[in-house]
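Novice: Here is my input, please return the structure:
(one chain, ligands or ions: 1)
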Amino acid sequence: MANIQWYPGHMAKAKRQMIEKMKQIDVVIELVDSRIPASSRNPLVEEISSGKPRLLVMNKIDMADRQATADWKDTFESEGVKVHLVNSQTGQGVSTLPDAVHHLTAERRRKLEDKGFRPHADRALILGIPNVGKSTLINRLAGKKIAKIGDRPGITKAQQWIKVGMTMELLDTPGILWPKFDDPRVGLCLAATGAIKEELLDFQEIALFLLKTMLQHYQSSLTNRYQIEKLPKLNGTEADQQTLIDLFDEIGRKRGCLMSGGFIDYDRVSEIIIRDYRSQKLGSLTLEWPQ
Ligand code: GDP
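Specialist: A predicted model of the protein is given here:
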């Protein structure tokens, strides 16, 4: 689902459809990527959810730094946001998700019971930006293949409710949200994790961003993967850019990314670093931290 271009008209239409869908929904499951818990959120979720209870589900916990994930969870919870951690690929944390959802509907159920009605199951919708794992999570919750992974958006078909355990019903088609592009740092986080097409951004810029993050937070990933003995230090000045380029050169030389004349092939080095990051050859690295 990554290859989506969002135009203002497209976004407005998607938003209207989502608000319309919300009429049938009791709980919104907002799915984010644990490597970029802030950048993979969409600020419009609040508006789209129109006051419905929300559960923030941090997916891909296997790909993120465990300590950073715990810090993010604490931070979100301190802001009053309910958080649930999952790895949709293996199913870790998925079986307890309906319970977490059920907790959020206690008030709705109590109100209905007070009026003498029997509450129906919790109707939930998964919302999230492309590639965050919505289809994978739906299939996990359903216990079978429902949503096609990597499916193309825009193909309409009749919506169905999937029964999940005793208490929950899930809409089989997730709500696709557009990523935020306005902040360049957010764009880099999205591109590095594969949430948006890297062609939209400068390949080398993404690789330099990853290098910088590793130099600041995950030095052993650099030394282990690229056998760099003496890592340079960043000092927060303009000179840092040159320091990063020198490191880029060194990785290029170590990896034999040379063009004729002995010049470093920057595109190839960039590709290696980005691929190594996404395939976790550099470890499970989070790209942003709570403030
Ligand atoms: P969607 O666009 O939000 O529906 O995302 P998909 O469900 O198509 O998932 C995008 C990619 O992320 C796929 O390659 C999935 O296999 C992968 N994925 C989803 N959840 C997880 C997870 O928890 N851990 C890992 N390692 N990969 C995941």
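
Novice: for the ligand, what are the nearby residues on the stretch 101-250 of the chain?
Specialist: With the criterion set to C-beta under 6 Å from any ligand atom, the stretch 101-250 of the chain comes near the ligand through 128, 130, 131, 132, 133, 134, 135, 136, 149, 150. C-beta: built from backbone N, CA, C; applies to glycine.

Novice: May I see these arranged in a markdown table, with secondary structure and distance to residue 70 as well?
Specialist: Listed next are those as a markdown table, based on DSSP: H, G, I helix; E, B strand; the rest coil; distance: C-beta to C-beta, whole Å:
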| residue | secondary structure | distance to residue 70 |
| --- | --- | --- |
| 128 | strand | 21 |
| 130 | coil | 26 |
| 131 | coil | 24 |
| 132 | coil | 20 |
| 133 | coil | 20 |
| 134 | helix | 24 |
| 135 | helix | 27 |
| 136 | helix | 23 |
| 149 | coil | 28 |
| 150 | coil | 30 |
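
Novice: Compare the residues you listed and tell me which has the most neighbours.
Specialist: Across these, the neighbour count under other C-beta atoms under 10 Å reaches its highest value at residue 132, namely 30 neighbours.

Novice: need the residues of the stretch 101-250 of the chain next to the ligand in TSV with distance to residue 94 and pLDDT, can you?
Specialist: Written out in TSV, the entries for those read as follows (distance: C-beta to C-beta, whole Å; pLDDT from 0 to 100):
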residue	distance to residue 94	pLDDT
128	15	95
130	21	92
131	18	94
132	15	97
133	11	97
134	13	97
135	14	95
136	10	96
149	15	51
150	20	49
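
Novice: and which of these is nearest residue 261?
Specialist: When those are compared for distance to residue 261, the smallest value, 38.2 Å, is given by residue 131; criterion: C-beta to C-beta.

Novice: if I read this right, the closest one contacts residue 194, doesn't it?
Specialist: Yes: with contact defined as C-beta atoms under 8 Å, residue 131 counts as touching residue 194 (5.8 Å).

Novice: Pull up the per-residue confidence for residue 253.
Specialist: Taken from the predicted model, the pLDDT recorded for residue 253 is 94.

Novice: Run a quick neighbour tally on it.
Specialist: By the measure other C-beta under 10 Å, the count of residues near residue 253 is 13.

Novice: ok, how many other residues are close to residue 289?
Specialist: 14.

Novice: Which of the three states applies to it?
Specialist: Classification of residue 289 using DSSP: H, G, I helix; E, B strand; the rest coil returns coil.

Novice: I'd say it and residue 71 touch.
Specialist: Yes: counting by C-beta under 8 Å, residue 289 touches residue 71, with 6.7 Å between them.

Novice: quick one: buried residues of stretch 56-76?
Specialist: For stretch 56-76, the buried set under the neighbour-count rule, 16 or more other C-beta atoms under 10 Å, comprises 56-61, 63-65, 68-69, 72-73, 75-76.
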